[in-house]
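> 3D, please:
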Amino acid sequence: MMTNLFSSFDPSTNLSTNLNWISSIIGLMIIPSMFWLIPSRLSLLWIKITSTLHKEFKVLINNKKSQGSTLILISLFSIILFNNFMGLFPYIFTSTSHMVLTLTLALPLWMSFMIYGWINNTIHMLAHLVPQGTPSVLMPFMVCIETISNIIRPGTLAIRLSANMIAGHLLMTLLGNTGSSLSIIMINFLIITQILLLVLESAVSVIQSYVFAVLTTLYSSEVN
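Numbers count the residues shown, from 1 in each chain. Presented below is the predicted three-dimensional model:
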């Protein structure tokens with residue numbers, strides 16, 4: 001019995017340790033070794049996905065000196081997607097629903113972009129604080145607004161991912177807890193609803209990992 005609604009997101013086990021965080025790497029144990037050795041349908045599908053992402057990120061970055069950074073962004077997309085999908089399995093902790101993980105991914109990337117931009121492209125970074133065509137009277141206010149919007153970027157990245165993961169899982173948990181008090185007919189409707197929600201959560205897992213990677217790419221393109 002849950003003590004409260006959010007206890008399903010508590011990374012604790014019966015051993016009173018944080019063993020549930022192993023869900024972030026447990027997939028490496030179940031990936032077959034043949035996936036790494038010979039071309040298979042699974043490996044060819046993943047190569048197709050990564051090559052498509054590489055082409056898209058390369059266009060967004062639009063800087064020949066930063067083409068290798070697409071590998072970092074594809075890896076970022078992969079780890080978020082993997083953790084999102086692992087959270088859909090029963091009794092596996094959803095690590096991306098915690099700000100500990102999402103902010104750890106967003107904050108260092110944003111900080112590195114800012115340090116690189118202000119050191120190497122200081123004039124370019126200052127020009128971004130005042131949009132083109134802004135009246136002289138509004139320039140001080142625009143600098144404040146752009147500065148604040150720039151500072152909260154890692155927070156919005158982290159909160160967006162965590163909130164979307166929590167929302168769907170909470171809805172599925174709420175519906176699942178009502179099953180014991182329903183009739184047979186209503187349980188059938190509940191099962192269909194849960195299946196539809198699971199499909200929706202699978203789509204959200206892909207979309208949110210893609211959004212996180214694309215927004216990070218756009219933030220990096222602004223400092224070049």
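
> quick one: residue 211 and residue 205 touch, right?
No - when contacts are counted by C-beta atoms under 8 Å, residue 211 is not listed as touching residue 205 (11.1 Å). (Glycine included, C-beta is placed from N, CA and C.)

> more neighbours, the two?
More crowded of residue 211 and residue 205, by other C-beta atoms under 10 Å: residue 205, with 24 against 16.

> buried set for the helix or strand hosting that one?
Secondary structure assigned from DSSP states H and E places residue 205 in helix 184-221. For helix 184-221, the neighbour count (16 or more other C-beta atoms under 10 Å) marks 197, 201, 204-205, 208-209, 211-214, 216-217, 219-221 as buried.

> how far away is residue 153 from residue 146?
11 Å (C-beta to C-beta, to the nearest Å).

> higher neighbour count, those two?
Per other C-beta under 10 Å, whichever of residue 153 and residue 146 has more neighbours is residue 153, with 18 against 15.

> low-confidence stretches in the chain?
1-21, 27-38, 63-67, 224 (pLDDT under 70).

> all helices of it, in order?
27-30, 34-37, 41-61, 69-86, 99-120, 122-128, 139-151, 153-177, 184-221 (DSSP state H).

> same list as before, the ones you listed that is, but in TSV and with distance to residue 93 included.
Shown next, in TSV, are the helices of the chain (distance: least, C-beta to C-beta, whole Å):
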stretch	distance to residue 93
helix 27-30	13
helix 34-37	24
helix 41-61	24
helix 69-86	8
helix 99-120	11
helix 122-128	39
helix 139-151	31
helix 153-177	11
helix 184-221	15
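
> okay, those helices, which one's buried deepest?
Mean neighbours per residue, mean count of other C-beta atoms under 10 Å, is largest over these for helix 69-86, with a mean of 19.

> which residues are in contact with it?
With contacts defined as C-beta atoms under 8 Å, 6 or more residues apart in numbering, helix 69-86 is touched by 23-24, 26-27, 50, 53-54, 57-58, 61, 92, 94-96, 101, 105, 109, 161, 165, 202, 204-206, 208-210, 212-213, 216-217, 220.

> for stretch 129-138, same thing?
Residues from elsewhere that reach stretch 129-138 (C-beta under 8 Å, 6+ apart): 139, 142-143, 146-147.

> thought residue 61 was touching residue 219?
No - judged on C-beta under 8 Å, residue 61 makes no contact with residue 219 at a distance of 10.7 Å.

> any idea how far residue 138 is from residue 57?
Taking C-beta to C-beta, one finds residue 138 at 34 Å from residue 57.

> can you check residue 25 too?
With C-beta to C-beta as the criterion, residue 25 and residue 57 are 25 Å apart.

> what's the answer for residue 148, then?
From residue 148 over to residue 57 (counting by C-beta to C-beta), the distance is 27 Å.

> can you pull the phi/psi pair for residue 40?
Torsion angles at residue 40 (phi, psi; degrees, to the nearest 10) stand at phi -130, psi 180.
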